[in-house]
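*Asks:* return atomic coordinates for the entry below.
(chains A and B)
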Amino acid sequence: MSKPFLQIRGIRKEYGPVTAVQDVNLDVAQGEFLTFLGPSGSGKSTTLYILAGFENPTRGDILLNGETLLATPSHKRNIGMVFQRYTLFPHLSVGENIAFPLTVRRRPKAEIDAKVREMLKLVRLEGFEDRKPAQMSGGQQQRVALARALAYDPPVLLMDEPLSALDKKLREEIQYEIRRIHQQTEVTILYVTHDQEEALRLSDRIAVFSKGVIDQIGTGPELYANPATRFVAEFIGDSDFLPCNVVSAANGRAEIAIGDSMTVADVPLHGTASSGSKAALMLRPERLLLSKTRTESGLPVTVSDITFLGNNVHVVTRTSKGNGLSVRLPFGHEAISGLNRGDAVWLRFDAGSAHVFSQ
Amino acid sequence: MASQTETESGAAYAPLRARRPTDFDLTLPALGLLILFFVLPVAILLTRSVTEPQPGLGNYAELLGSSTYLRIFANTFIVSGLVTFVSLLIGFPVAWALAIMPSRIASIVFAILLLSMWTNLLARTYAWMVLLQRTGVINKVLIGIGLIDKPLPLVNNLTGVTIGMTYIMLPFIILPLYGVIRKIDPAILQAAALCGATRWQSLVRVLLPLAMPGMAAGALMVFVMSLGYFVTPALLGGTANMMLAELIAQFVQSLVNWGMGGAAALVLLVVTLALYAVQLRFFGTDRMGGR
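*Replies:* Below you'll find the model as predicted:
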């Protein structure tokens, strides 16, 4: 990778006694689609607002092509942004909205007209230029907002939960639009969301925010297969946690005991743990194997619920200590046929697919 | 309320009762009051304006044909326009500041605004006379700090009327403007900034157009109220810039000429209604509150 395009260096933001962003460091490559994923209040939006220039960081710096952005006011940063709420200018038509950034830059009329047409084509809203924002659906308004934000060819596009006001079906539709537009324009996008599915669907890389810090940065598969913290494991994909005891730990691997019936060796370990300490074992529902016959290496559990979800079936089980473990199996799997609530079953898993988090 | 009564009484009981009051019935007392105290006097005034001293449109011909009276009409419009303009100029930044300041401070400013509205009009006008006169505080201070050599003529002229009336009218422009500005999503202005708009461009291209309904409502209210204003122009103005209300007062009180007084009042009423119609045409009542 060449020299980083956008660098976020030790950004910290305090509001009185509250620290919203603690110490965020991030390098973004040109043309990358990077998502800030995290619950509300995790500092992801504040970081984005600092990039937009609406907030000044208490400490730290932001470099674009090696030069600091912080000295530049919002209106001179040349950064595009799509907001969570609808922010089209209600008194202007769709065409005038898209033309707005070029009009305030006093570009020649012919150039503006050509750009507005190009942008309308990009977001597939040709023929809508004379409509007023109020005459359009929420999804269409956000597409116009996207066109407006891209009209001046910004080096970076910020998106702050732009789809959170839309219903699920429409959201998915526009997610694909955004992906297509990203591929077509090759603009660098920083995207904020609390929806893991949205983050996985859209991003090249995801930065998981928690309590003002980035817990982990990586591609979707990296975060899923190798979560650095329990928080990331909970946030990306489905997961259940089972209390366990560490028998021995070395080189990032641990041997653990679940209850008194079962030990598993060679499980990836996160954090430090010594022999005898308590830890949490993370298991993914789709990585568990269910067997109706007793096996030596299986964990005995009782089926407490079975839910049919179309292409797969969700089986909720409980251990003898009352911990819940979910298993997801494809519809028609032989292990589910004839399975009833209250049945005793045994769960097995591959040590490499599980993770131990020290407490 | 009417629909609630209907559902509660239910269809089965309806025939047992006498006719229930309809929405129209309920407005009758208010309507009666309006007719008795507003419509009737205006009708009497209209009648007297075309019957006294002799039947016909003589009063109107005299009023609209005389250059003296026409100058008073013109002056009324000039003063009202000037007051409206200055009120907007001062009121907009105040309303904007109120909309963005912390609500605790805003409520204090509102209390001050309303307090001034509830203070007696005469008291406020005399206070301005004291402040603005040749030996008043303002002239003394300006001379004291060496800005001027001799006192400025601030009262008994257009300046005095404009200052006094603007002061009284300001709340009427600030309140509707505040309502409209508060409804504007700050994110829209942030979007304008990121689009590259300077503060000035954001103001002219986004904020002002969005605040337009409130500005129009406030401006019309101030203009119409100013057209009929009497106390402040009478006390702070000079004879050179008499306003219509003063003329009407003169006709009725000094000259006991109800015919001419009525004619002048009706001209004022027609102009006011015409302006109101223009306002409805362009902004409509449903748009008064904002977007």
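*Asks:* centre of the chain to stretch A:82-96, how far?
*Replies:* In terms of Cα atoms, centre = their mean, to the nearest Å, the centre of stretch A:82-96 is found 26 Å from the chain centre.
*Asks:* no wait, stretch A:347-357
*Replies:* Put simply, stretch A:347-357 sits 23 Å off its chain's centre (Cα atoms, centre = their mean).
*Asks:* for that stretch, give me every contacting residue.
*Replies:* Taking contacts as Cβ atoms under 8 Å, 6 or more residues apart in numbering or on different chains, the residues outside stretch A:347-357 that touch it are A:226-227, A:229-230, A:233, A:241, A:244, A:246, A:254, A:256, A:264-271, A:273, A:279-284, A:287-291, A:295, A:297-299, A:301, A:317, A:325, A:327. C-betas here are computed from N, CA, C, even on glycine.
*Asks:* before we move on, what about stretch A:45-59?
*Replies:* The contact list for stretch A:45-59, computed with Cβ under 8 Å, 6+ apart, reads A:8, A:10-14, A:20-21, A:24, A:36, A:62, A:69-70, A:72-74, A:77, A:79, A:81, A:156, A:158, A:160-161, A:190, A:192, A:209, B:190, B:193-194.
*Asks:* which parts of it are buried?
*Replies:* With burial defined by 16 or more other Cβ atoms under 10 Å in any protein chain shown, the residues of stretch A:45-59 counted as buried are A:45-55, A:57.
*Asks:* let me see the contact set for B:Leu275.
*Replies:* Neighbouring residues of B:Leu275 by Cβ under 8 Å, 6+ apart: B:220, B:223-224.
*Asks:* tell me the mean pLDDT over the one helix or strand it maps to?
*Replies:* Secondary-structure assignment from DSSP states H and E places B:Leu275 in helix B:258-282. The average of the pLDDT scores along helix B:258-282 is 86.
*Asks:* from the middle of its chain, how far away would the longest helix belonging to chain A be?
*Replies:* Using DSSP state H to define each element, chain A has its longest helix at helix A:168-185. The gap between the average C-alpha position of helix A:168-185 and the chain average comes to 15 Å, counting by Cα atoms, centre = their mean.
*Asks:* tell me the contacts of the residue lying closest to B:Gly218 once chain neighbours are set aside?
*Replies:* Nearest in space to B:Gly218, with sequence neighbours left out and distances taken as Cβ to Cβ, 6 or more residues apart in numbering or on different chains, is B:Ile173 at 3.8 Å. Applying Cβ under 8 Å, 6+ apart, we find B:Ile173 in contact with B:84, B:87-88, B:91, B:95, B:215, B:218-219, B:221-222.
*Asks:* mind picking the two most distant members of those residues?
*Replies:* B:Thr84 and B:Ala95 (14.8 Å; Cβ to Cβ).
*Asks:* what helices and strands are in contact with the longest helix of chain A?
*Replies:* Using 3 or more Cβ pairs under 8 Å, 6 or more residues apart in numbering or on different chains; DSSP states H and E as the contact criterion, the neighbours of helix A:168-185 among helices and strands are helix A:109-122, helix A:138-150, helix A:196-202.
*Asks:* mind saving the C-alpha coords of the helix or strand that that helix is followed by as PDB?
*Replies:* Downstream of helix A:168-185, the first helix or strand assigned by DSSP H and E is strand A:188-193. Output in PDB follows, covering the C-alpha atoms of strand A:188-193 (Å, rounded to 0.1, in the frame of the first residue of the first chain):
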ATOM      1  CA  THR A 188     -13.200   7.100  -0.500                       C
ATOM      2  CA  ILE A 189     -16.200   6.500   1.800                       C
ATOM      3  CA  LEU A 190     -16.300   6.600   5.600                       C
ATOM      4  CA  TYR A 191     -19.600   5.100   6.700                       C
ATOM      5  CA  VAL A 192     -21.100   5.100  10.200                       C
ATOM      6  CA  THR A 193     -23.700   2.500  11.200                       C
END
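*Asks:* what's the helix or strand that contains B:Thr47 packed up against?
*Replies:* Secondary-structure element containing B:Thr47, defined by DSSP H and E: helix B:40-51. Here helix B:40-51 touches helix B:58-65, helix B:258-282, going by 3+ Cβ pairs under 8 Å, 6+ apart.
*Asks:* of the contacts of B:Ile173, which belong to helices?
*Replies:* Cross-referencing the contacts of B:Ile173 with the helices (criterion: DSSP H) gives B:84, B:87-88, B:91, B:95, B:215, B:218-219, B:221-222 as the overlap.
*Asks:* which residue ranges of the stretch 1-150 of chain B form helices?
*Replies:* Read by DSSP state H, counting those that start in this stretch, the stretch 1-150 of chain B holds these helices, from start to end of the chain: B:2-13, B:23-34, B:40-51, B:58-65, B:67-100, B:103-118, B:121-132, B:137-144.
*Asks:* report the buried residues of the helix or strand just after the last one.
*Replies:* Next in sequence after helix B:137-144, counting helices and strands by DSSP H and E, comes helix B:158-183. Neighbour-count burial for helix B:158-183, with 16+ other Cβ under 10 Å as criterion, is recorded at B:158-181.
*Asks:* can you check stretch A:173-193 too?
*Replies:* Neighbour-count burial for stretch A:173-193, with 16+ other Cβ under 10 Å as criterion, is recorded at A:174-175, A:177-178, A:181-182, A:187-193.
*Asks:* what about stretch B:150-159, how long is it end to end?
*Replies:* This stretch, stretch B:150-159, spans 17 Å end to end (Cα to Cα, to the nearest Å).
*Asks:* what's that stretch in contact with?
*Replies:* In this structure, residues lying in contact with stretch B:150-159 by Cβ under 8 Å, 6+ apart are B:78-79, B:82, B:128-129, B:132-136, B:138-139, B:142-143, B:160, B:163, B:236-238, B:240-241.
*Asks:* identify each buried residue in stretch A:159-166, please.
*Replies:* Counting neighbours by 16+ other Cβ under 10 Å, one finds that the buried residues in stretch A:159-166 are A:159-163, A:166.
*Asks:* average pLDDT for that stretch?
*Replies:* Computed over stretch A:159-166, the average pLDDT equals 92.
*Asks:* and if you look at stretch A:220-231?
*Replies:* For stretch A:220-231, the mean per-residue pLDDT is 90.
*Asks:* same question, stretch B:225-242
*Replies:* Model confidence over stretch B:225-242 averages 86 on the pLDDT scale.
*Asks:* buried stuff in that stretch?
*Replies:* Within stretch B:225-242, the residues that count as buried by 16+ other Cβ under 10 Å are B:225-229, B:231-233, B:235-237, B:241-242.
*Asks:* ok so, going back, got the angle between the helix holding B:Leu275 and helix B:58-65?
*Replies:* Counting by axes from the mean of the first three to the mean of the last three Cα atoms, to 10 degrees, helix B:258-282 lies at 60 degrees to helix B:58-65.
*Asks:* and stretch B:224-244, how far out from the chain's middle?
*Replies:* The chain centre lies 13 Å from the centre of stretch B:224-244; the measure is Cα atoms, centre = their mean.
*Asks:* also stretch A:34-54?
*Replies:* If you compare the mean C-alpha spot of stretch A:34-54 with that of the full chain, they lie 12 Å apart, counting by Cα atoms, centre = their mean.
*Asks:* hey, where'd the helices end up in chain A?
*Replies:* With helices called from DSSP H, chain A shows them at A:44-52, A:94-104, A:109-122, A:138-150, A:168-185, A:196-202, A:220-225, A:230-235.
*Asks:* out of the ones you listed, flag the one nearest B:Tyr60.
*Replies:* helix A:94-104 (47.8 Å).
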